[in-house]
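[1] Predicted model, plus sequence, below.
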Amino acid sequence: MTSELDRILDQSQRWQHADQGVAMATVVATWGSSPRPVGSHLAVNAAGEFAGSVSGGCIEGAVIEEAQAAIADGQPRLLEFGVSDEQAWEVGLACGGRVQVHVEKLAPDVFDRLMRERAAKRPVARIIRLSDKASALVAADGAMGELALSPSQREALAVRLTSGQSGALDDSGDIFARVYVPAPRLLIVGAVHIAQALAPMAAMAGFDVTVIDPRRAFASEARFPDIALTDEWPDDALSRLVPDAQTAVVTLSHDPKIDDPALAVALASPAFYIGSLGSKRTHEKRIARLTDLGLADQIDRIHAPVGLDLGGRYPSEIAVAILGEIIRVRYRGKAR
């Protein structure tokens with residue numbers, strides 16, 4: 001399964017390979033209840049076909065027209081729209097706001113470089129000075145473009161590349177960075193019924209999902225279509241996959257022989273979320289075992305019982321609760 005961003009970029013690449021002009025519209029600033037967050041994309045070709053959204057439908061028509069004009073004349077544009085309360089209500093918001101959208105024709109060499117960096121799973125950023133539309137593509141091994149950053153702006157960019165959040169690089173708001181980082185990862189230990197619901201949900205939410213279970217009858221393509229699988233022992237798999245600060249680890253097997261080695265590796269990593277299935281009584285036993293392994297000072301990092309307390313009991317409901325907690329922790333920090 002691919003994320004919304006991947007679908008937009010992949011479609012843009014197909015259009016370019018078919019020698020069609022492509023423009024990219026990007027939300028660069030919002031005020032009030034904007035329908036789409038900063039960094040949202042709308043790709044448009046010369047025929048007016050599009051992928052993505054910058055407003056949930058409120059302003060797409062006007063943005064598509066401006067994008068077609070940018071393809072024709074090659075000039076970038078900075079657009080600003082007010083979203084009325086009535087329009088906001090139609091796309092599910094309580095009240096309106098304002099949104100600023102940058103539109104530019106994609107330069108084939110720059111876009112190809114962006115796609116190569118993403119294919120290699122390396123962070124990259126598109127930098128735009130909104131006042132004069134100067135721009136650059138910044139990657140780990142150098143930049144393409146005429147826009148140079150100050151030391152403080154480079155520091156701000158480094159922070160944004162770490163967090164994966166697009167936005168301004170200084171207080172003026174003039175230098176905007178659209179950052180592209182590898183998808184956050186979700187490593188699921190235990191190919192059980194809850195994992196069958198959680199894996200596709202997480203993939204749809206933009207996570208790069210891997211399911212780990214040494215029991216081959218559990219970790220099968222028939223049970224997990226389109227999901228990466230490994231039948232390694234969990235500690236070997238996690239040691240190979242190297243959980244980082246953009247990784248969540250969830251153990252679901254309910255078998256200490258499978259879950260505990262995975263937790264030991266996860267707790268030694270900077271993973272932003274670690275969760276484990278089981279009741280409070282089960283977790284008390286888990287705490288004792290992990291304490292014996294010398295991990296007492298890290299055990300508080302484990303979310304257990306895993307997931308938000310939504311009251312659900314069915315596998316799909318538990319999966320929703322787990323994914324909800326992972327997303328909450330990713331954006332807001334520790335949930336409990």
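    Alright, I've got the coordinates.
[2] ok, then the element right after the host helix or strand of L137?
    Counting by DSSP states H and E, the element that carries L137 is strand 135-139. As assigned by DSSP H and E, the chain's next helix or strand after strand 135-139 is strand 142-145.
[3] Domain map for this protein?
    What automatic domain parsing lists as the domains of the chain is 1-105, 107-182, 185-332.
[4] Mean pLDDT and mean neighbour count added to these, as TSV?
    Every residue, glycine included, has its C-beta placed from N, CA and C. Below are the domains of the chain laid out as TSV (pLDDT from 0 to 100; neighbours: other CB atoms under 10 Å):
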stretch	mean pLDDT	mean neighbour count
domain 1-105	86	18
domain 107-182	93	16
domain 185-332	95	18
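[5] quick one, strands of the stretch 51-200 of the chain?
    77-83, 97-105, 124-129, 135-139, 142-145, 167-168, 175-180, 185-189 (DSSP state E, counting those that start in this stretch).
[6] got those strands as TSV, with distance to A46 columns?
    Converted to TSV, the strands of the stretch 51-200 of the chain look like this (distance: least, CB to CB, whole Å):
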stretch	distance to A46
strand 77-83	16
strand 97-105	10
strand 124-129	21
strand 135-139	21
strand 142-145	24
strand 167-168	30
strand 175-180	22
strand 185-189	37
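[7] For Q13, find the nearest of the ones you listed.
    Among these, the nearest to Q13 by CB to CB is strand 175-180 (13.5 Å).
[8] L277 and L198 touch, don't they?
    No. In this structure, L277 is not within contact of L198 by CB atoms under 8 Å, at 10.4 Å.
[9] got any residues that touch both of these two?
    250, 252 (CB atoms under 8 Å, 6 or more residues apart in numbering).
[10] The strand holding L137 pairs with which strands?
    Counting by DSSP bridges, the strands paired with strand 135-139 are strand 124-129 (antiparallel), strand 142-145 (antiparallel).
[11] can I get the CA coordinates of the shortest one in PDB?
    Translated: strand 142-145. In PDB, the C-alpha atoms belonging to strand 142-145 read as follows (Å, rounded to 0.1, in the frame of the first residue of the first chain):
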ATOM      1  CA  GLY A 142      24.300  19.100  -1.600                       C
ATOM      2  CA  ALA A 143      21.700  21.500  -3.000                       C
ATOM      3  CA  MET A 144      20.300  22.300  -6.500                       C
ATOM      4  CA  GLY A 145      19.000  25.800  -7.000                       C
END
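[12] Now do that strand: distance to the chain's middle.
    24 Å (CA atoms, centre = their mean, to the nearest Å).
[13] How about residues contacting that strand?
    Under CB under 8 Å, 6+ apart, the answer for strand 142-145 is 109-110, 113, 127, 134-137.
[14] Apply 10 Å and report the result again.
    Contacts with strand 142-145, where a contact means CB atoms under 10 Å, 6 or more residues apart in numbering, come from 107, 109-110, 113-114, 124-128, 134-138, 149.
[15] Sort out which one of those residues lies nearest S55 for me.
    Among the contacts of strand 142-145, and counting by CB to CB, the member closest to S55 is I128, at 19.2 Å.
[16] Looks like that closest one contacts L149 (just checking).
    No. With contacts counted by CB atoms under 10 Å, I128 stays clear of L149, the gap being 11.6 Å.
[17] what touches both of those two?
    Here I128 and L149 have 136, 175, 177 as joint contacts, going by CB under 10 Å, 6+ apart.
[18] Could you find the closest non-adjacent residue to the first one?
    Put plainly, it is A136. G145 (3.0 Å; CB to CB, 6 or more residues apart in numbering).
[19] Out of the contacts of strand 142-145, flag the one nearest to P256.
    V124 (41.4 Å).
[20] So the closest one sits against V179, correct?
    Yes. Taking contacts as CB under 10 Å, V124 lies within contact range of V179: 7.7 Å.
[21] who touches both of those two?
    138, 161.
[22] hang on, the earlier thing: report the inter-axis angle for the strand holding L137 versus strand 97-105.
    Per axes from the mean of the first three to the mean of the last three CA atoms, to 10 degrees, the angle that strand 135-139 makes with strand 97-105 is 80 degrees.
[23] residues in contact with strand 135-139?
    Residues contacting strand 135-139 (CB under 10 Å, 6+ apart): 76, 102, 104, 107, 109-111, 113-114, 116-117, 120, 122-129, 142-149, 154, 157, 161, 176-180.
[24] got it, and stretch 146-155?
    125, 127-129, 132-138, 143, 156-157, 168-170, 175, 177.
[25] Scan the chain for its longest helix.
    Longest helix in the chain, counting residues (DSSP state H): helix 315-332.
[26] how long is stretch 176-196 end to end?
    39 Å (CA to CA, to the nearest Å).
[27] any idea how far the spatially closest residue to D244 that is not a sequence neighbour is from P243?
    Leaving aside its sequence neighbours, D244 sits nearest to P270 (CB to CB, 6+ apart; 6.0 Å). Going from P270 to P243 by CB to CB, to the nearest Å gives 7 Å.
[28] ranges for the helices of the stretch 101-250 of the chain?
    For the stretch 101-250 of the chain, helices defined by DSSP state H, counting those that start in this stretch occupy the ranges 108-119, 151-163, 193-204, 234-241.
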